[in-house]
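Visitor: sequence? don't have it. structure:
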């Protein structure tokens, strides 16, 4: 099993010690315009962790080194990246490993299922994650899976998320996207409690009836305090990642919105 992050042992039951990060898809337009400037801005806001998403695979090692320097300058860490199909080809995995190691990331998270339909397709996906996990172990890295809505809807009486959890070893992270779970009507706390130690990161994405994903973190329907309690007592959470899926919502744009999310985070965690 992949070694826990240095702070992991200290976080169980101690709410204020779990770092809060940002899934950078939340500021995707800003990131596309100015990668180093956006990383710096996010760090200066007070976020402690960032998660890069699929376009990072196009970086050169030199770009990754510059990103790492920018992160170091503002005290940011990167523990995981979001990856789509190209990252899991033979050549893509080699490049992903190299880039993740440069920026300090340990987890290559699969961002979504590649058009899985029937239960057999989800079982094959679990097999693929297991295979990727084995390939990453020599590098002291691990993989994981990030859910959307479809994984909570039963197929032939089985939820795809349950199939993934049952069909993968415990070192495959079940990165929990809260908003999509809440939207479908699944129980986020029950899911965490059913998978102890595997919820190493949580996408803190909110959702509200009638408003969807346009709400800022902490302004929707997710029962955050119960989720935090379960994640820290049972889930094995190592870091949280705020995600605001709709991007530039409101007059202050993407950066203004993620600042608002962070302000709400501080109020909830006070």
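Guide: Great, that's in hand. Everything numeric in this text was worked out from a predicted model, so none of it was measured.

Visitor: hey, where'd the strands end up in the protein?
Guide: Here the chain has its strands, by DSSP state E, at 20-23, 49-52, 77-83, 107-110, 142-146, 173-177, 201-204, 239-242.

Visitor: by how many degrees do the longest one and strand 142-146 diverge?
Guide: Right, the one you point to is strand 77-83. Angle, strand 77-83 to strand 142-146, by axes from the mean of the first three to the mean of the last three Cα atoms, to 10 degrees: 60 degrees.

Visitor: list of residues touching strand 77-83?
Guide: The contact list for strand 77-83 (Cβ atoms under 8 Å, 6 or more residues apart in numbering) reads 5, 19, 21, 23, 25, 48-54, 56-57, 71, 96, 99-100, 103-111, 144, 146, 173, 175, 201, 238-239. From N, CA and C alone the C-beta is placed, and that goes for glycine too.

Visitor: just to revisit the earlier point, would you format the strands of the chain as CSV with distance to residue 42 and mean pLDDT included?
Guide: Listed next are the strands of the chain as CSV, based on distance: least, Cβ to Cβ, whole Å; pLDDT from 0 to 100:
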stretch, distance to residue 42, mean pLDDT
strand 20-23, 6, 98
strand 49-52, 6, 98
strand 77-83, 11, 98
strand 107-110, 19, 98
strand 142-146, 20, 98
strand 173-177, 19, 98
strand 201-204, 15, 98
strand 239-242, 10, 98
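
Visitor: got those as a markdown table, with mean neighbour count and distance to residue 258 columns?
Guide: Shown next, in a markdown table, are those (neighbours: other Cβ atoms under 10 Å; distance: least, Cβ to Cβ, whole Å):
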| stretch | mean neighbour count | distance to residue 258 |
| --- | --- | --- |
| strand 20-23 | 24 | 6 |
| strand 49-52 | 25 | 11 |
| strand 77-83 | 24 | 16 |
| strand 107-110 | 25 | 20 |
| strand 142-146 | 25 | 19 |
| strand 173-177 | 26 | 17 |
| strand 201-204 | 27 | 11 |
| strand 239-242 | 24 | 7 |
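
Visitor: could you redo those strands as CSV and give each row distance to residue 194?
Guide: Converted to CSV, the strands of the chain look like this (distance: least, Cβ to Cβ, whole Å):
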stretch, distance to residue 194
strand 20-23, 24
strand 49-52, 24
strand 77-83, 22
strand 107-110, 20
strand 142-146, 15
strand 173-177, 10
strand 201-204, 15
strand 239-242, 20
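
Visitor: closest to residue 255 out of those?
Guide: Evaluated over those, closeness to residue 255 peaks at strand 20-23, with 10.4 Å, by Cβ to Cβ.

Visitor: tell me the strands beside that closest one, with direction?
Guide: strand 49-52 (parallel), strand 239-242 (parallel) (DSSP bridges).

Visitor: ok, which of those strands comes nearest residue 268?
Guide: Closest among the strands paired with strand 20-23, using Cβ to Cβ: strand 239-242, at 10.9 Å.

Visitor: contacts for that closest one?
Guide: By Cβ under 8 Å, 6+ apart, strand 239-242 touches 5, 18-23, 26, 47-49, 51, 79, 200-205, 217, 231, 258, 261-262, 265.

Visitor: gap between the closest residue to residue 170 other than its chain neighbours and residue 174?
Guide: Leaving aside its sequence neighbours, residue 170 sits nearest to residue 198 (Cβ to Cβ, 6 or more residues apart in numbering; 6.1 Å). Residue 198 sits 5 Å away from residue 174, going by Cβ to Cβ, to the nearest Å.

Visitor: how near is the residue in the chain sticking out farthest from the centre to residue 195?
Guide: Here the centre of the chain is the reference, and by Cα atoms, centre = their mean the most remote residue is residue 156, at 28.2 Å. Going from residue 156 to residue 195 by Cβ to Cβ gives 21 Å.

Visitor: next one: residue 74
Guide: Residue 74 is 33 Å from residue 195, by Cβ to Cβ.

Visitor: with residue 213 instead?
Guide: Taken as Cβ to Cβ, the span from residue 213 to residue 195 is 24 Å.
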